[in-house]
Every structure is written in structure tokens, then in C-alpha cells.
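K.L.:
how does the following fold in three dimensions:
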Amino acid sequence: MDSEQSSPIVRMRKFNRYYTNLLGLLNQHLLNTEFSLTETRILYEIGGTDTCSASKLTQKLNIDPGYFSRILKKFEKNGLTVRTQSKEDGRLYPIRLTEKGKETLLQMNRLSDEQSERLISNLPETQQRELADSMELIQQYLSHEQGQPIQIRHDLRPGDAGELIYLHGWIYAKECGYNHVFEGYVCETLFDFLKDYDPQKDRLWFAEAGDKKIGAIAIAKHPARIAQLRWFLIHPDFRGQGIGKHLLVEALDFARKAGYRKIYLETTDDQKTAIAMYQKVGFQKTKEVEDASWGVRHMEQTYELEL
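P.N.:
All right, here's what the predicted structure looks like:
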């Protein structure tokens, strides 16, 4: 393949042609229904937008107002949408789906789900997940998600534990070759942490870009005023931005204020970037043993820091 054929632009256009044909997006009607792709998208947006207005939709979808008006008149004629005067502002006429419109949208969603399921049903579960991850990555890159402000929080919410376990399993399998036993180890230790969680002595931070978790760190209590630093990781796509340093400073500051006299952590010799960060803030290696519990031979290391 020459350099021109291997350029990102050429490869993107090739994929676009393949994918639009695969989904039948060039057909006059989508999913063998009476609706075009544009009409289906407008139905979807009306159904999922509060106080939906024509100006809001034309701006969001970057669609010609005249074309949108014709589609809306068709929907109203077929009993799918209705416009009623706003009680709060008599100048506004929000668009909403009728019961027939809601049922039509549900049917379109079912057909779309069935189409997607047919496309991936023959793939192993791991490849299905990789495909979905790649699609999320495309969306992240092209929507400039990496430029979103990074938020740090430490309030525990439903779903946090599951996402933290997934991040560990995915990242460490990809980068270190760790197997399912490692993921089980994360499950077990996180269960113990949450079971005896004390907000005065324990804390779990998450770094988030939008609704995507991209980093974590924790302080877990132990007897004799000793704390353990745990579950420190940064998503590969967000490294090099100072997020890890910020999380580490937050964790150490909390440990000091909580009255701990010493903090320790356990890691492996392949975590060179994290180890460099630990050493920079004063952690010293106190123990090292060879281990192969997670399917790969490595050196288990313990580091300690007097607070």
C-alpha cells in the first residue's frame, strides 16, 4: 500500500463508504420503514429533548429550516407530532411526540437494535466490546472530548465500583497481559474497602471527562494509623496531562489530614511511570518478591512513605 492510500483521510473515507452501505444509510427509506434517515433522526431528537423547538433542532442537526418545516408538517399530518402553546411563554410552541409518535419511535429503536445485534452477533464477546470501545474512541476524538475540563470527585455513586473494576481489567490486560485472576483480585479488595468504608478514614477519587471515568486513586485505612494507597490508574488516552499528579497530591493530602502516620502501596515493576511518581514524592521501596499470580511473571514491590 503506497503512502497516499494509507493516509488517514483516504482510510477514513473508505470506512465511511463501507459503514454507510452496511447500515443502508443511502437507501431512500431506513430499516425498511417509511422514514428516511433524516426523518428518523428528527423523531429521535423530538422524543429526547425537553421543550423542543424548531430553532433548537435545526441548529443542533444543522439542517435547512425549510426542509425541517416540510418534515414537521408531514409528521403532524400523520399524527406523529403536535405543537402546543407554552404555558410559561405564549410565544413558544414546543414540539412533542403524540402517543402514535412515541410508539413509532419505539419501533424504530427496536429495529435499529435488531440491526446492530445482527451485525455483531457472530463476533466473540471480546471483539464486540473492542468494537464498541473503538466507536467510543472515534466519538471522543472527533467531538474533542479530550479538551473537556477534567473533574475530580470523591462522592461514591452507584456504578462506580463496576467501572473501576472494568478499567483495571481492561488496562492491565492490554498493557501488562494480566489475566482474569487480577480482575478478581481487584473485585475482592474493592469489596472489602466498600464493606467497611469510613468517609473519615477512607476515600476514593475519580477523574472524569464528561461522563467518562479516566482516572482513579484511593486511600484505604489500616490499623495503627497506617493507610494504603490503592487503585491508582489513568486511562491511556489521558496520560501526560498532569491528572495522575493531581490525584496523588489529593490522596496524600487527605491521608495527612486524616491523621495517618505512614502510607504504603503495592505495585509491580512494570508500572515504571507510576513508580517514578511515587519516588518523586518520597516513597521508598521496602520489599520485592517475584510472583506469577496474574498469568505473567513480575516483581511485586512495596513502597512506604512516612507522613
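K.L.:
helices along the stretch 51-200 of the chain, start to end?
P.N.:
Assigned by DSSP state H, counting those that start in this stretch, the stretch 51-200 of the chain shows helices spanning 54-61, 65-77, 99-120, 125-142, 160-176, 180-195.
K.L.:
would you indicate which residues of the shortest one are buried?
P.N.:
Going back to what we said before, that points to helix 54-61. 57, 58 (16 or more other C-beta atoms under 10 Å). (Glycine included, C-beta is placed from N, CA and C.)
K.L.:
angle of it against helix 65-77?
P.N.:
120 degrees (axes from the mean of the first three to the mean of the last three C-alpha atoms, to 10 degrees).
K.L.:
quick one: contacts of helix 54-61?
P.N.:
Applying C-beta atoms under 8 Å, 6 or more residues apart in numbering, the external contacts of helix 54-61 come out as 38, 41-42, 45-46, 49, 63-65, 68-69, 72, 95.
K.L.:
from these, pick the one nearest residue 208.
P.N.:
Nearest to residue 208 among the contacts of helix 54-61: residue 49, at 24.1 Å, using C-beta to C-beta.
K.L.:
quick one: the residue nearest to the closest one when sequence neighbours are not counted from residue 26, how far?
P.N.:
Excluding its sequence neighbours, the residue lying closest to residue 49 (C-beta to C-beta, 6 or more residues apart in numbering) is residue 56, at 7.0 Å. From residue 56 across to residue 26, the span is 28 Å (C-beta to C-beta, to the nearest Å).
K.L.:
check residue 174 too.
P.N.:
Relative to residue 26, and taking C-beta to C-beta, residue 174 is found at 36 Å.
K.L.:
domains of this protein?
P.N.:
8-122, 145-306 (automatic domain parsing).
K.L.:
what's the least confident stretch among those domains?
P.N.:
Here these differ in mean pLDDT, and the lowest is domain 8-122 at a mean of 87.
K.L.:
measure that domain end to end?
P.N.:
Domain 8-122 has an end-to-end distance of 28 Å (C-alpha to C-alpha, to the nearest Å).
K.L.:
report the distance from that domain to the chain centre.
P.N.:
25 Å (C-alpha atoms, centre = their mean, to the nearest Å).
K.L.:
contacts only, for residue 292.
P.N.:
For residue 292, the contacting residues are residue 298, by C-beta under 8 Å, 6+ apart.
K.L.:
okay, it and residue 266: tell me how far apart.
P.N.:
Relative to residue 266, residue 292 is positioned 16 Å away (C-beta to C-beta).
K.L.:
cool, and residue 127?
P.N.:
The value you get for residue 127 to residue 266, if C-beta to C-beta is used, is 33 Å.
K.L.:
can you check residue 212 too?
P.N.:
27 Å.
K.L.:
between the two, who's got more neighbours?
P.N.:
residue 212 (15 against 12; other C-beta atoms under 10 Å).
K.L.:
which stretch of helix or strand covers residue 259?
P.N.:
Using DSSP states H and E, residue 259 falls within no helix or strand.
K.L.:
spatially nearest residue to it (excluding sequence neighbours)?
P.N.:
Here the residue nearest residue 259, using C-beta to C-beta, 6+ apart, is residue 225, at 6.2 Å.
K.L.:
dump the residue contacts of the one you found.
P.N.:
259, 260, 261, 262.
K.L.:
repeat that for 7 Å
P.N.:
By C-beta atoms under 7 Å, 6 or more residues apart in numbering, the contact list for residue 225 reads 259, 260, 261.
K.L.:
which of these tops the neighbour count?
P.N.:
Most neighbours among the contacts of residue 225, by other C-beta under 10 Å: residue 260, with 21 neighbours.
K.L.:
ok, that residue to residue 73 distance?
P.N.:
Distance from residue 260 to residue 73, counting by C-beta to C-beta: 68 Å.
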